[in-house]
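Engineer: Okay, predicted coordinates and the sequence, questions at the end:
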Amino acid sequence: MLQQKIQYLVRSTLNITQKKQCPNCSHTKFDCLDTKYLVTRLYKCKFCKLNFRFPVDSKSFLEAFYQSKYKANYSDVTREITELPTDEDLIGMMKNNFYGKRNYSPFVKALLKSDSAKILDYGCSWGYSVFQLKQAGYDAEGFEISSARAEFGRKIGVNIHDKQSTVKNDNDLILSSHAIEHLPVVSEYIRFAATKLVHDGILISFCPNGSPEFRAREPKNFHVNWGLLHPNYLDVEFASHTFRNNPYLILTDDWRYNFEQIEKWDGRSQIVGEKLDGQELLIIAKPNVII
């Protein structure tokens, strides 16, 4: 991890003169929210409202990085995502339906109110969440940019795509958990997801909460949460602006959500929860439905 940080600092220093523009919408007007290491900045785009790290990494660099170099080992959660278990450990994990790892089936059930739907987990790593969704009865597949992790995931009997072109276009729900903040162009992902969803399909994204309310509550964690591994730091304003023409439900919490509130969402309204200072941002939207 130290070597990654040193390389990141050197790369940022060398790229400090790159053109300043939002990686999401290409506009060139923004406010500076935070600074690290003298050469990296967290900017907020005045047009699309995205908080993004500058200097910006290219698409080609990020693709290569996540193929071979990505290793987040600063917490138990990230180690579970980026470090692959042994075959022996994997057998025990499968028997217990990966107990102890976050299960997204309750979120899907609250939104779709069905046990039989087509689900895509975008950025699924080695696929344990896809396995859990399949165990819950869903027709679930995954997408993972890292071909090595996608290949490993096939050991547990799930289908993980490593090319967007092979993803089916009739999904009822596309889920991404702590993946959207890593992407080079968030808007491209949203457009891609819309093409892979049925008309009334739901896009659901979990990511770190970059809202000012969380910053006021935990300024140190806000400062830590953007940078090398998180070039994007999405907030409530960005989410509501991005889906301003679509139904949405936007919530923040400390990993615990009110499922009754999710179940009550009618799929046609635009709702932002009262709590805005949670550690995690949850964006639920229907990108193909215009209101």
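Structural biologist: Great, that's in hand.
Engineer: what about the strands in this protein?
Structural biologist: If DSSP state E is used as the criterion, the strands of the chain fall at 30-36, 40-45, 51-54, 118-122, 139-143, 160-161, 171-177, 197-208, 248-253, 270-272, 280-285.
Engineer: Would you mind giving those strands as TSV with mean neighbour count and mean pLDDT added?
Structural biologist: (Each C-beta comes from the backbone N, C-alpha and C, glycine too.) Below are the strands of the chain laid out as TSV (neighbours: other C-beta atoms under 10 Å; pLDDT from 0 to 100):
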stretch	mean neighbour count	mean pLDDT
strand 30-36	15	97
strand 40-45	22	97
strand 51-54	24	97
strand 118-122	24	98
strand 139-143	24	97
strand 160-161	20	96
strand 171-177	23	98
strand 197-208	20	98
strand 248-253	22	98
strand 270-272	15	98
strand 280-285	23	98
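Engineer: For residue 95, find the nearest of the ones you listed.
Structural biologist: Of all the strands of the chain, strand 139-143 sits nearest to residue 95, with 19.0 Å by C-beta to C-beta.
Engineer: Give me the sheet partners of that closest one and which way each runs.
Structural biologist: Using DSSP bridges, strand 139-143 pairs in its sheet with strand 118-122 (parallel), strand 160-161 (parallel).
Engineer: Dump the C-alpha coordinates for that strand into CSV.
Structural biologist: What follows is strand 139-143, C-alpha atoms only, in CSV (Å, rounded to 0.1, in the frame of the first residue of the first chain):
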residue,chain,number,x,y,z
ASP,A,139,-31.3,-14.8,-11.8
ALA,A,140,-28.1,-12.9,-10.9
GLU,A,141,-24.8,-12.3,-12.8
GLY,A,142,-21.9,-10.1,-12.2
PHE,A,143,-19.6,-7.7,-14.0
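Engineer: what inclination does that strand have with respect to strand 171-177?
Structural biologist: Here the directions of strand 139-143 and strand 171-177 differ by 50 degrees (axes from the mean of the first three to the mean of the last three C-alpha atoms, to 10 degrees).
Engineer: Is residue 175 in contact with residue 104, as I believe?
Structural biologist: Yes: with contact defined as C-beta atoms under 8 Å, residue 175 and residue 104 form a contacting pair (5.8 Å).
Engineer: need the contact list for residue 282.
Structural biologist: Residue 282 makes contact with 204, 205, 206, 250, 251, 252, 253, 257, according to C-beta atoms under 8 Å, 6 or more residues apart in numbering.
Engineer: wait, I meant residue 8
Structural biologist: So residue 8 contacts 227, 228 (C-beta under 8 Å, 6+ apart).
Engineer: Repeat that for residue 243.
Structural biologist: Applying C-beta under 8 Å, 6+ apart, the residues contacting residue 243 are 270, 283, 285, 287.
Engineer: Just give me the closest of those residues to residue 125.
Structural biologist: residue 283 (19.8 Å).
Engineer: who does the closest one bridge with?
Structural biologist: Applying DSSP bridges, one finds that residue 283 bridges with residue 205, residue 250.
Engineer: Can you verify my assumption that it contacts residue 208?
Structural biologist: No: with contact defined as C-beta under 8 Å, residue 283 does not count as touching residue 208 (12.0 Å).
Engineer: Overlap in contacts, the two.
Structural biologist: residue 234.
Engineer: Contact partners for the residue nearest to residue 206 when sequence neighbours are not counted?
Structural biologist: Leaving aside its sequence neighbours, residue 206 sits nearest to residue 177 (C-beta to C-beta, 6 or more residues apart in numbering; 4.5 Å). Contacts for residue 177 (C-beta under 8 Å, 6+ apart) come out as 102, 104, 121, 123, 129, 205, 206.
Engineer: got a pLDDT number for the fourth one?
Structural biologist: Read that as residue 123. We note a pLDDT of 96 for residue 123 in this prediction.
Engineer: Now for the residue lying closest to it once chain neighbours are set aside: which residues touch it?
Structural biologist: Leaving aside its sequence neighbours, residue 123 sits nearest to residue 179 (C-beta to C-beta, 6+ apart; 2.7 Å). Going by C-beta under 8 Å, 6+ apart, residue 179 touches 122, 123, 205, 207.
Engineer: Do I have it right that the third one meets residue 180?
Structural biologist: Yes: the pair residue 205 / residue 180 is scored as a contact, 4.9 Å apart, by C-beta under 8 Å.
Engineer: Pull up the overlap in contacts between those two.
Structural biologist: residue 234.
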